[in-house]
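Asks: sequence-free structure coming up:
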């Protein structure tokens, strides 16, 4: 379930539906987690997305939503990393797309992130 223009995306993680919010609070959490200024965030996504970046992205968006709602935080970045093992590549791609389509990430703030996410292919082993 998504309301992408407003930056919300809901996914089942840790046994329940959880909402990610790609808001200014997300960007603050994400840049803090990766220890990067906002103008260097585009570099995180060039040449492919690392596991560290995906984990930080999902954690930061979950954390932003919970903080904004005043909820108790029942997860850590490591908990989120374990939950991500249950998501398939298509769901992760949808999460990244939700981030790139969010209103906060409008053309002026997209930090060089490509809006057309391409699927990666694994080596065929030939």
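Replies: Good, I have the coordinates. Quick caveat: nothing in here was measured; it's all calculated off a predicted structure. Numbers count the residues shown, from 1 in each chain.
Asks: now the strands for the chain?
Replies: Shown for the chain, the strands assigned by DSSP state E span residues 2-3, 8-13, 16-21.
Asks: I'd like to know which of these lies nearest to residue 33.
Replies: The closest of the strands of the chain to residue 33 is strand 16-21. By C-beta to C-beta, the value is 13.9 Å. Backbone N, C-alpha and C define where each C-beta goes, glycine included.
Asks: What is the burial count for residue 73?
Replies: A total of 10 residues lie near residue 73 under the criterion other C-beta atoms under 10 Å.
Asks: The residue nearest to it when sequence neighbours are not counted: how many residues sit nearby?
Replies: Closest residue in space to residue 73, ignoring its immediate chain neighbours: residue 66 at 5.4 Å, by C-beta to C-beta, 6 or more residues apart in numbering. A count of nearby residues for residue 66, using other C-beta under 10 Å, gives 18.
Asks: Kindly report the same for residue 87.
Replies: The number of residues packed near residue 87 is 17, by other C-beta under 10 Å.
Asks: can you offset everything so residue one is 49?
Replies: Yep, numbering from 49; the last one is residue 135 now.
Asks: quick one: contacts for the residue nearest the centre of the chain?
Replies: Centroid check for the chain by C-alpha atoms, centre = their mean gives residue 105 as the closest residue, at 3.3 Å. Neighbouring residues of residue 105 by C-beta atoms under 8 Å, 6 or more residues apart in numbering: 78, 143-144, 147.
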